[in-house]
Structure formats: structure tokens, C-alpha cells
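Enquirer: coords please:
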Amino acid sequence: MKWPTLDLWQIELTDLYAEAKAAVKDGRFHDALLHLKHLVQTNPEHENGWLALSRLSKNPELQIIALEKAVALNPNNKKGKARLKALRKDHQHPFKLGQAFESVGEPQKALDAYRQAAWQAKSKEGRKAARDRQDAIKQQLRQKNMHITTPSLTLMRLGAGPTTLYLLLLLIQAGLNPLRVPILLLVGTLFVLAGSLLLTAIHLTPNHRLWQQLLQTPTLNLAQQAKTAVFSFIGFVCVALPFVLLFLHSVNRLEVYKATVF
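Expert: Numbers count the residues shown, from 1 in each chain. Okay, here's the model as predicted:
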């Protein structure tokens with residue numbers, strides 16, 4: 001029987017990491033995650049494997065564990081240390097931890113985190129927010145055939161609604177002729193899309209990475225509430241303004257039509 005040499009074993013590990021990268025490129029994230037878990041179990045000193053696992057995994061606890069391993073292997077990794085510090089900080093705040101578990105399809109863990117958040121909350125607003133999320137999760141758990149979607153998919157799906165409505169109204173107003181759509185109203189499509197995505201991120205996908213970067217506050221405090229109010233107002237204006245302009249343009253065309261006919 002021929003035993004595998006150290007060189008062959010290292011080649012197999014390299015191939016396993018390459019297979020994980022190829023799976024990510026093909027969109028096979030579950031397969032990539034399995035390859036990476038096998039890789040780090042076989043070779044716990046594979047720094048890139050731990051780093052990739054921390055980025056690919058949606059479980060916040062696994063992200064922290066993987067980053068701890070990677071930073072221990074390479075203490076000079078400043079980006080890894082900064083990300084690990086941020087994850088640990090979020091992990092200490094049960095409300096954000098509940099949001100993270102909720103977004104990856106762990107409703108029971110999210111429910112436990114929200115219960116802890118309600119118990120630790122120092123304000124009525126914090127307790128109310130945590131209890132509201134508890135009620136929402138309990139209602140979801142009572143439903144059958146519950147499907148969990150990623151925050152990005154939810155963001156795009158719900159954010160596209162107002163944009164689609166605006167485009168349909170534009171086409172109707174232009175007599176179903178896209179060439180007759182005014183440039184100003186056409187540019188308004190971008191504002192509607194931006195506002196829709198912003199409002200969806202704030203109120204329906206609060207755990208999305210883009211919204212967390214804009215917010216940059218770990219708990220439900222006054223600063224977060226102020227930022228939420230400001231961004232909500234900006235999103236509402238971005239969505240409403242193009243619709244108002246479209247309405248005024250339609251009224252103006254109607255007046256011109258009346259003056260021409262009568």
C-alpha cells in the first residue's frame with residue numbers, strides 16, 4: 001500500500017481551496033462552504049481558508065471563530081483584527097446579534113437574542129423594538145413552509161416595486177412610446193430606485209451590510225434614531241419627488257390638450 005506523501009497532501013489541500021474559490025465564482029456557495037470547512041479541519045493552519053470561511057459563512061458565531069483562528073495564525077493581519085473587533089462588538093449587543101441570526105434563517109437563536117436585548121435595554125424604545133421583533137418571529141414560526149431569503153435579495157425585490165410602478169406610469173404618460181419620455185422624468189427613475197433601496201434597507205433589511213456601514217452605531221440609541229429619521233426622509237423625498245414631477249407634467253399636458261381641442 002502506497003501512503004500519500006507530504007507533497008501530495010499539500011497539493012490536495014491546495015486543490016480543495018481552489019475548488020472552493022471556483023464554487024464561489026459559480027455561485028455554489030453551499031459547496032464552497034463545505035470545501036472550506038473540510039479544508040480547515042484537515043489543515044487548521046491554513047490562514048486563507050479561515051479568512052475565506054469567515055467571509056462566506058452567514059453564521060455570526062462561526063465568523064468570529066474563523067477570524068480568531070486566522071488572526072492567531074497571522075497577528076499582523078490588521079484588517080482581520082479590525083473586522084474581528086467589529087464582529088465581537090456586534091456580538092456583545094444582542095439586538096444586532098438577533099438581526100444577524102434572523103437574516104441567516106436562525107429564528108430560534110434570533111428569538112433568544114431579542115429576549116436578551118429586551119431584558120438588557122435601558123430605554124423604552126429599545127425594549128419595544130426587541131419585543132416587536134420577538135412578536136414578528138413568533139408569528140413567522142407559526143407559519144408553515146417558511147422560506148428565508150438573503151437581505152440582498154429582499155432589498156432588490158422590494159426596492160424594485162416603486163421603480164417598476166414609476167416606469168409603467170412613464171410609459172402610459174408617453175403613450176407607450178419610450179422615445180417620447182422627457183429626459184428629466186427619465187432621470188427620475190434613478191432617484192426612485194435609490195430612494196426605494198434606501199427605505200427598504202432601513203425598515204425591512206436593517207441587517208444589510210450597506211445599511212450597517214451607513215449607520216455605524218451598534219445599539220438602538222439616539223444617534224441611530226436620528227440617522228434613521230434623516231435617511232428615511234431622504235429616501236422618501238427621492239421616491240416622492242419624481243412622482244410629483246410626473247403628476248405635474250401630466251396635468252400640464254392635459255391643460256395644453258384642452259386648450260388645443262377647445
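
Enquirer: assign Gly175 to helix, strand or coil.
Expert: coil (DSSP: H, G, I helix; E, B strand; the rest coil).

Enquirer: and it, how far from Leu51?
Expert: Using CB to CB, to the nearest Å, Gly175 is found at 55 Å from Leu51. Yep, even glycine has a C-beta here, placed from its N, CA and C like the rest.

Enquirer: go on, Pro178?
Expert: 47 Å.

Enquirer: name the residue in those two with the higher neighbour count.
Expert: Leu51 (22 against 11; other CB atoms under 10 Å).

Enquirer: nearest spatial neighbour of Pro182, skipping sequence neighbours?
Expert: Excluding the flanking residues, the one nearest Pro182 by CB to CB, 6 or more residues apart in numbering is His249, at 6.8 Å.

Enquirer: helices of the stretch 101-250 of the chain, start to end?
Expert: Using DSSP state H, counting those that start in this stretch, the helices of the stretch 101-250 of the chain run over 107-120, 124-142, 151-173, 183-203, 209-215, 222-261.

Enquirer: redo those helices as TSV? Include mean neighbour count, distance to Gln41 and mean pLDDT.
Expert: Shown next, in TSV, are those (neighbours: other CB atoms under 10 Å; distance: least, CB to CB, whole Å; pLDDT from 0 to 100):
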stretch	mean neighbour count	distance to Gln41	mean pLDDT
helix 107-120	18	23	84
helix 124-142	14	32	84
helix 151-173	16	29	86
helix 183-203	18	36	90
helix 209-215	15	28	59
helix 222-261	13	39	85
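
Enquirer: before we move on, back to that, now do the contacts for the residue nearest to Pro182.
Expert: Neighbour list for His249: 173, 182, 185 [criterion: CB atoms under 8 Å, 6 or more residues apart in numbering].

Enquirer: good, we can wrap up now.
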